[in-house]
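Chemist: Any chance you can model this:
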Amino acid sequence: MKVAGKDYIDYWQAMSANLQGQTSRFGIRLRQGRCWPLIQIGDEPASSFGSAQEIPVDVPSLSTYMLIVMAEDLISDPPSDLVEVLLGNKSFQQALKSPGKPETTRTAAA
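Modeler: Below you'll find the predicted structure:
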């Protein structure tokens, strides 16, 4: 799921729940020239973690959870532009202008 803010785009996995019912999800945040892994637990605001990666990314060097988010995005939303931006084939500004859900408080800037 793509959620665009004023100067960032978040791409999210589907929300999952553990045995105790606590929900969480991983994602990738894009800003001009960089990307970060994201996590959201329950109704808490999203937060980035780890080091920023320069765009275009070196796909083999990405963390496993970022690769999973990319793969799930391709499967669940084939016309998504996440991979195209990460590979440098589409600009961040083009992706920011392309359709996505409006920003919500659940994915406020981290």
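Chemist: what are the ranges of the strands in the chain?
Modeler: Applying DSSP state E to the chain gives strands spanning 2-4, 9-12, 16-17, 23-31, 34-41, 47-48, 53-54, 101-102.
Chemist: Pull the residues that contact the second one.
Modeler: In this case it means strand 9-12. With contact meaning Cβ atoms under 8 Å, 6 or more residues apart in numbering, strand 9-12 is reached by 1-4, 25-30, 38, 40, 46, 69, 73, 80, 82, 85, 92, 95-96, 100, 107. Where you see a C-beta, it was placed from the backbone N, CA and C, and this is true even at glycine.
Chemist: Just give the closest residue to Ser98, not the sequence neighbours.
Modeler: Sequence neighbours aside, Asp81 is the residue nearest to Ser98 in space, at 5.9 Å (criterion: Cβ to Cβ, 6 or more residues apart in numbering).
Chemist: Number of residues surrounding that neighbour?
Modeler: Asp81 has 23 neighbours, counted by other Cβ atoms under 10 Å.
Chemist: Mind pulling up the pLDDT for it?
Modeler: Here the pLDDT value assigned to Asp81 is 93.
Chemist: Repeat that for Val85.
Modeler: On the pLDDT scale, Val85 gets 95.
Chemist: neighbours around it, how many?
Modeler: Using other Cβ under 10 Å: Val85 sits among 25 other residues.
Chemist: Surely it and Ile55 touch.
Modeler: Yes - the pair Val85 and Ile55 qualifies as a contact (Cβ atoms under 8 Å) at a distance of 6.6 Å.
Chemist: Common neighbours of these two, please.
Modeler: 30, 92.
Chemist: Identify the residue spatially nearest to Gln40, adjacent ones excluded.
Modeler: Nearest residue to Gln40, sequence neighbours excluded (Cβ to Cβ, 6+ apart): Ala46, at 4.4 Å.
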